[in-house]
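**Q** Pasting the sequence and the predicted model now:
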Amino acid sequence: ETGVTQTPRHLVMGMTNKKSLKCEQHLGHNAMYWYKQSAKKPLELMFVYNFKEQTENNSVPSRFSPECPNSSHLFLHLHTLQPEDSALYLCASSHSGRSGEQYFGPGTRLTVT
Amino acid sequence: DQQVKQNSPSLSVQEGRISILNCDYTNSMFDYFLWYKKYPAEGPTFLISISSIKDKNEDGRFTVFLNKSAKHLSLHIVPSQPGDSAVYFCAASAGAAGNKLTFGGGTRVLVKP
């Protein structure tokens, strides 16, 4: 499989549930990202990992917990979410450093009930 | 406060004609700009970019123009094709921030046959 993959593609969870989103990239990149896209809002950067180290946390609430075990995999662990957290969550990867050309996965459509 | 703005939420154009998408930014530290295209149920895909040392970059049917003094960039697609119907996002990064991208809200383009 090539490119950036994300699972699951759709997720419905209650506010008391714990779930995880998974992202995998097959491009040999060493930077990975989580973005959130809410309805009628721009993509918002959530987290950046460079060489497995978190280098950016864009004031994201602690109910979102990222994990990057290696340069190819990125997780977003979710717990006690709120309905306003319902959104499209996109993962991306790139070569680390200056280049802005990020490659995106198809996203996970999350609904919190 | 949105640092990157796309003031036209939608654009309709006839096949074969030119599509012009606009983007304004407020952060004078931005020095690298990108355009992404997004189809439904897919992640954004990179289209074209421009560094602030240039005022124009061309790739096939796509040309990006940058006016630094006006803090404005535009994407020209000519000739427009039905397959170009998608949502287009502009994004910007600042050298000091490395690979952190700030996105605009997107413009939905419909190319009519």
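**A** Structure received.
**Q** my read: B:T45 touches B:L34, true?
**A** No. With contact defined as C-beta atoms under 8 Å, B:T45 does not count as touching B:L34 (11.0 Å). Where you see a C-beta, it was placed from the backbone N, CA and C, and this is true even at glycine.
**Q** Those two - which one has more neighbours?
**A** Between B:T45 and B:L34, counting by other C-beta atoms under 10 Å in any protein chain shown, B:L34 is the more crowded of the two (23 against 13).
**Q** Can you tell me which residue of chain A sits closest to chain B?
**A** Chain B sits closest to A:F104 of chain A, with a gap of 3.1 Å, by C-beta to the nearest C-beta.
**Q** In chain A, which residue is most central in space?
**A** In chain A, the C-alpha nearest the mean C-alpha coordinate belongs to A:W34, at 3.0 Å (C-alpha atoms, centre = their mean).
**Q** mind listing what the residue of chain A closest to chain B touches?
**A** A:4, A:35, A:90-92, B:36, B:43-45 (C-beta atoms under 8 Å, 6 or more residues apart in numbering or on different chains).
**Q** Check the gap between it and B:S74 for me.
**A** A:F104 sits 23 Å away from B:S74, going by C-beta to C-beta, to the nearest Å.
**Q** again with B:V109
**A** The gap separating B:V109 from B:S74 is 13 Å, by C-beta to C-beta.
**Q** Just want to know which of the two has more residues nearby.
**A** B:V109 (21 against 16).
**Q** Not counting sequence-adjacent ones, nearest residue to that one?
**A** B:L11 (5.0 Å; C-beta to C-beta, 6 or more residues apart in numbering or on different chains).
**Q** Am I right that B:N7 is in contact with B:Y25?
**A** No. The criterion here is C-beta under 8 Å, and B:N7 misses it with B:Y25 at 11.8 Å.
**Q** tell me which element the closest residue to B:D59 other than its chain neighbours falls in.
**A** Nearest non-adjacent residue to B:D59, counting by C-beta to C-beta, 6+ apart: B:I48, 5.1 Å away. B:I48 belongs to strand B:45-51 when elements are defined using DSSP states H and E.
**Q** A:S65: what's it in contact with?
**A** A:S65 is in contact with A:76-79, counting by C-beta under 8 Å, 6+ apart.
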